[in-house]
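Engineer: Prediction below, plus the sequence it came from.
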Amino acid sequence: MIWHRKHLLDIESLSAEEITLVLDTARAFKAVGERAIKKVPALRGKTVVNLFVEPSTRTRISFELSEQRLSADIINFTAEASSLKKGETLKDTARNLEALNADFIVMRHTAAGAPHFLARVLNASVINAGDGAHEHPTQALVDAFTIREHKGKFAGLNVTILSDILYSRVARSDLWALTKLGATVTLCGPSTLAPRVFEQMGCRVTHDVEEAIADADIINLLRIQHERQRKTMFPSLGEYASLFGLNKARLARAKPDALIMHPGPINRGVEIDSEIADSSRSLILEQVTNGLAVRMAVLFLVNGGKGPQEVAGG
Amino acid sequence: MIWHRKHLLDIESLSAEEITLVLDTARAFKAVGERAIKKVPALRGKTVVNLFVEPSTRTRISFELSEQRLSADIINFTAEASSLKKGETLKDTARNLEALNADFIVMRHTAAGAPHFLARVLNASVINAGDGAHEHPTQALVDAFTIREHKGKFAGLNVTILSDILYSRVARSDLWALTKLGATVTLCGPSTLAPRVFEQMGCRVTHDVEEAIADADIINLLRIQHERQRKTMFPSLGEYASLFGLNKARLARAKPDALIMHPGPINRGVEIDSEIADSSRSLILEQVTNGLAVRMAVLFLVNGGKGPQEVAGG
Amino acid sequence: MIWHRKHLLDIESLSAEEITLVLDTARAFKAVGERAIKKVPALRGKTVVNLFVEPSTRTRISFELSEQRLSADIINFTAEASSLKKGETLKDTARNLEALNADFIVMRHTAAGAPHFLARVLNASVINAGDGAHEHPTQALVDAFTIREHKGKFAGLNVTILSDILYSRVARSDLWALTKLGATVTLCGPSTLAPRVFEQMGCRVTHDVEEAIADADIINLLRIQHERQRKTMFPSLGEYASLFGLNKARLARAKPDALIMHPGPINRGVEIDSEIADSSRSLILEQVTNGLAVRMAVLFLVNGGKGPQEVAGG
C-alpha cells in the first residue's frame, strides 16, 4: 500500500487500508515527538497556509506545531484579519494564497464542503481541518490512532460516542473511520441530537446512556458546544449533565477496562466528571499528543511521502 | 551597477538603473520560488521586524513569507497589539524594536513620510510597505517586474492606471517607476479622483475611460477602497462600475494584446468584471507570485547583496 | 557553580550565586546578539509555548525573539484567542499545551502564583514572565545585568527605585535581586504607593524624591500604569509628574555619574522628562537589548545548559 492522494478532505472517501497507512505513518512520527530534537526536514522549503475561516485554537496550534516540526514555512491566515472581511470571495482568497507558491492549504470553514470546493479550483494540496458539521478527518484519525495504541485492533471493539451527534463533525468522521476499520459504533445522546437516521451509516443509535455504556470498550465524549446550542434542541447544561454526563455511578456499570476519550476542551461537570477526566482511564491528553503525530503523518503523505518506512530516516 | 542603498523608502528617489537592478535580482528569486525547496540562507540569523501600524493582510503576508524564504528571524508588530496604544510615540516604538538588534524594519503607516522619519532616527534598514497616500514602492516594483516579464521592455509601452488616483499610493509609485523606466503612463478616473495636477509628474490625465483604454498595452486597475471613500468625492459603487469599471464592452475596444493588472483584493463587478479577472489576459495572480520575488530581492539588496549574480549560489 | 533548576519562577528563591550565573551566561549571549548571524542551535527541535494570559507586547516579543535565536519551535497562545474563554481552567489549558510535547512554558498571568501552580502540575519547565503584582524575574535579571555592565559591581552601590511600588512586580523582583547581590536599595513613591512595610524586605523607603535621588548611583524609574491606576491611591498624572517625575532640576542634584533606567514603555513627561530619557545617561534602550541576552541565558540554563563557558561553542 502506497499513499497516492493529493488532498485529505474527508474520511468517507478513504479505504480502511489508507486509514491504516496514516496510522502506521503517525506511529513513526510519534517516536519523533519523543526525541530530544523533535524535528525532521521533510517539508523544508515548502509553504503551508493555515486558512482558518472559523476560529480555532486547539486544532490550529496542533497543525502549526506539526508544520514547524516538519520544517515548513508557515503562513497563518484567519478570517478576522483578512480580505474576506472586505468582501473578497473564498475562491479569490484561496487563489491568492496559492499564488504565494503555497504547497498546502490547511483549512477550517463554517461551511460544509468548503475544502472540497477549494480542492477543485486550486493546484495546492488541501487538508480539511473541519468543515461545518460535515467532517473533521484529522480528529477522527487521531481518535482511531489513540484507540489502536491501547486496544491493538478494531475488530470486535465497541466504541460509544456520547454527545450532541447531530451538529458534530467529529462524530461523523469518527463514525466513518471506526466502522471502516471494523469497530462497532454506538451513538448516544438526547433524541433531538442523536436522531435514528444515523443508523443508515451502519451504527447503533440509542438515547439510553446506561445501555450505550454497558458494553463499550471506548467511551468517546464529544464537547457539548453550549455556546452554540439552540434552545429548542438542547436541554439545560444541568439537565444534560444529569441525563448524559459521564459520572462515577455510570462509569461503574461500564467494563472495567473501558477507556475514556474526549477531543477537548472538556466542560468539567457537564460531559464528564473531573475525577474521571483526570483518571488513568482517560486518554484525553494522549489524544492531544497523538494529534501532532497524526497531522505530521498527513502532511508528510500528501507531500508525496510513501509511508512509515520513510520517516525513520528523517 | 551595484546596489548601495540601506533603505527602500520610495520610488521617486531611485534611478532607472536601480529599479532595473531590483527587477533583475527579482528574476533570480522568482526561480527560487519555483524550486522544490523555496528557501535560501541569505538572511539567516538576521532579524526583521514587520511594523504594521496600518492594518494589512496581503502585503504583510507577502513580506513575511519572503522573509521566511530568506531564513530570517521575524517579529510581527501591529498597532492593535502594541505600546502605541498606551501612548508611546512612533519613534520610541521603533527605537525599542531596533534595540532588539533588528536589522530591518518593514513598515506600513497611515502617515505619509513615516518611514523616511524612521530611516533618519534608526540604524536599522527601513523598507516602506506603504505610507499613507504617498508611496508603496514594493508594489510598484512588482508591477514593473510583471510588465517586463510579459512585454520585455518599457520604451514605447502605454500603461493606463484606472482608479481612484488621488488617494492611491500605488498610483503614485507606479507612475514614478514606469515613467523612469520609459513607459508612457495615462491616469484615468472620475475628475474628483484623478485631478489634472498629476500631469506635472509627466503623465497624461483623462476622465474618459474609452480614451484611456484605446491605446493601452497594460490596463492597471487599482482597488476602489470603498470602505474608506468619502461621499463627497466618490459616486456610488454602481455608478463607478458603470462609468469606469472594466467590462467586456470596454475591453473589446482595447488592443487585442492589452493585459490587465490589479494589486488586489479585487471588487468583482466594481473595478472589473469577473470574466475579465479570470481570463488569460489577467496578470492578477502572477502579480501575487511576483510579489514574493520582488520583496526577497529588496531584502536581499538592502542586506548588502550585490545583484542577481549572487542569488544563484544561494 | 552549575545551574540545576528546572523552572525560573521568582528571584526570591534564587541565591546570589545563581543570579550571577545567569548574568555571566547572559554576557556570553550578548556577544551572540552582536554577531552578523545572531543565532545558535541550542534549542533546536525543542518546543516553547508562550502562554500570555495577560496581554503584553514588549516582554512577549523579547521572549519570542530569544527563542527564535535559540532555534526553538514556538507556539504563541494568548488568552484572547483561547479555550480559556470557553471556560477551560488554567490547569487544563496548560496540560493540553504540555501534551504537545512542550519543553518550556513561558507564562504571564494576572494572578500572583500562577506560574508556581503550573510548575507543580506540569512536567515542562515553567518560566515566569510576570505574575500579577508578585514577580517579574527576567526583568530583574535584565536590570541587574545592565547595572553590572556599567558599574562593574553591586557592593556599595545605591539603587533608587522610583515609582508606584505597591502594585509593581518589577519593583519586588528588582528589590530581591539587588539586595541579594549586595546593593543598597531605596524605594520612593507617594505614601499610598510606597508603604513602609517594604522596609521589612531590607531596603529604605522614602516619600521624599530629592532624598531618594541624592546619593543614588542608579535611578530606576518604573512605568506608572495610569491605565490601571485606582483613583483613591493615585494623584493625577500631572501631580505625579510634578512631585515624583525625574526632570532636569531634580537630576541636577543627583551624583554626576548616576545612570537612569526604565523598563519601558516610558510615559514622556510623567515619570521622566524627554531630554533625560534620550540623554547619554539613560540606559533604557540598552535594557531592551540586554533583555534578549538575559532571556536567551535563562532558556539556555533551564534547558540544561551548564553556564557561560558552553555558549561560546554555539
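Structural biologist: Nice, I can see it.
Engineer: For the rest of this, base every contact and every neighbour count on C-alpha atoms.
Structural biologist: Fine.
Engineer: what separates A:I11 from B:A293, distance-wise?
Structural biologist: Distance of A:I11 to B:A293, computed by CA to CA, to the nearest Å: 38 Å.
Engineer: neighbour count winner among the two?
Structural biologist: Each of A:I11 and B:A293 has its neighbours counted (other CA atoms under 10 Å in any protein chain shown); B:A293 has more, 27 against 24.
Engineer: The more buried one falls within a strand, correct?
Structural biologist: No: in this structure, B:A293 is helix, not part of a strand, as judged by DSSP: H, G, I helix; E, B strand; the rest coil.
Engineer: What residues does it make contact with?
Structural biologist: The contact partners of B:A293, taken as CA atoms under 8 Å, 6 or more residues apart in numbering or on different chains, are B:26-30, B:33, B:66.
Engineer: between the residues you listed, which is nearest B:Q287?
Structural biologist: Among those, B:K30 lies closest to B:Q287 (CA to CA), at 11.6 Å.
Engineer: Number of residues surrounding the closest one?
Structural biologist: If we define neighbours as other CA under 10 Å, then B:K30 has 20 of them.
Engineer: That one in helix, strand or coil?
Structural biologist: B:K30 - assigned by three-state DSSP - is helix.
Engineer: quick one: A:V288 from C:E98, how far?
Structural biologist: Here A:V288 is placed at a distance of 9 Å from C:E98 (CA to CA).
Engineer: which one of these two has more residues nearby?
Structural biologist: Ranked by neighbour count (other CA under 10 Å), A:V288 and C:E98 place A:V288 first, with 27 against 23.
Engineer: The more buried one and chain C, how far apart?
Structural biologist: With distances taken as CA to the nearest CA, to the nearest Å, A:V288 is found 6 Å from chain C.
Engineer: Next: A:T78.
Structural biologist: 11 Å.
Engineer: Contacts only, for that residue.
Structural biologist: Contacts of A:T78 were listed using CA under 8 Å, 6+ apart, and they are A:50-55.
Engineer: Can you select the buried ones from the residues you listed in ChimeraX?
Structural biologist: Command for ChimeraX that selects the buried part of the contacts of A:T78, burial taken from 16 or more other CA atoms under 10 Å in any protein chain shown:
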select /A:50,51,52,53,54,55
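Engineer: and the contacts of A:T78, which of them are in strands?
Structural biologist: Of these, the ones assigned to strands by DSSP state E are A:50-52.
Engineer: Tabulate those (TSV), appending pLDDT and distance to C:V22.
Structural biologist: Below are these laid out as TSV (pLDDT from 0 to 100; distance: CA to CA, whole Å):
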residue	pLDDT	distance to C:V22
A:N50	97	38
A:L51	95	41
A:F52	94	41
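Engineer: Which residue, neighbours along the chain excluded, lies closest to A:M296?
Structural biologist: A:S66 (5.2 Å; CA to CA, 6 or more residues apart in numbering or on different chains).
Engineer: if I read this right, that neighbour contacts A:F300, doesn't it?
Structural biologist: No: with contact defined as CA atoms under 8 Å, A:S66 does not reach A:F300; the gap is 10.0 Å.
Engineer: Tell me how chain A divides into domains.
Structural biologist: Domain assignment for chain A, taken from automatic domain parsing, gives A:16-135+A:291-306, A:137-288.
Engineer: ok, which stretches of the stretch 1-150 of chain A are strands?
Structural biologist: Counting by DSSP state E, counting those that start in this stretch, the stretch 1-150 of chain A has strands at residues A:47-52, A:73-78, A:104-109, A:125-131.
Engineer: Just give me how far the second one sits from the chain centre.
Structural biologist: Yep, that's strand A:73-78 we're talking about. Between the centre of strand A:73-78 and the centre of its chain there are 20 Å (CA atoms, centre = their mean, to the nearest Å).
Engineer: partners of it, with directions?
Structural biologist: strand A:47-52 (parallel) (DSSP bridges).
Engineer: Check the third one too.
Structural biologist: Strand A:104-109 has the following strand partners under DSSP bridges: strand A:47-52 (parallel), strand A:125-131 (parallel).
Engineer: Name the stretch among those strands that sits most buried.
Structural biologist: Counting by mean count of other CA atoms under 10 Å in any protein chain shown, strand A:125-131 has the highest mean neighbour count of the strands paired with strand A:104-109, with a mean of 26.
Engineer: then it to CSV, C-alphas only?
Structural biologist: Extracted in CSV, the C-alpha atoms of strand A:125-131 (Å, rounded to 0.1, in the frame of the first residue of the first chain):
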residue,chain,number,x,y,z
SER,A,125,-3.0,20.2,-1.6
VAL,A,126,-6.0,20.9,0.6
ILE,A,127,-6.3,19.4,4.1
ASN,A,128,-9.7,19.7,5.8
ALA,A,129,-9.3,20.9,9.4
GLY,A,130,-13.1,20.9,10.0
ASP,A,131,-15.9,22.0,7.6
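Engineer: Contacts for it, please.
Structural biologist: By CA under 8 Å, 6+ apart, strand A:125-131 touches A:6-10, A:59, A:103-115, A:118-119, A:135-138, A:169, A:302.
Engineer: same thing but 7 Å
Structural biologist: A:6-9, A:103-115, A:119, A:136-138 (CA atoms under 7 Å, 6 or more residues apart in numbering or on different chains).
Engineer: what does stretch A:11-18 give?
Structural biologist: Stretch A:11-18 is contacted by residues A:3, A:137, A:173, A:176-177, A:180-181 when judged by CA under 7 Å, 6+ apart.
Engineer: related to what we said a few turns ago, among the strands paired with strand A:104-109, which comes closest to B:I218?
Structural biologist: strand A:47-52 (31.1 Å).
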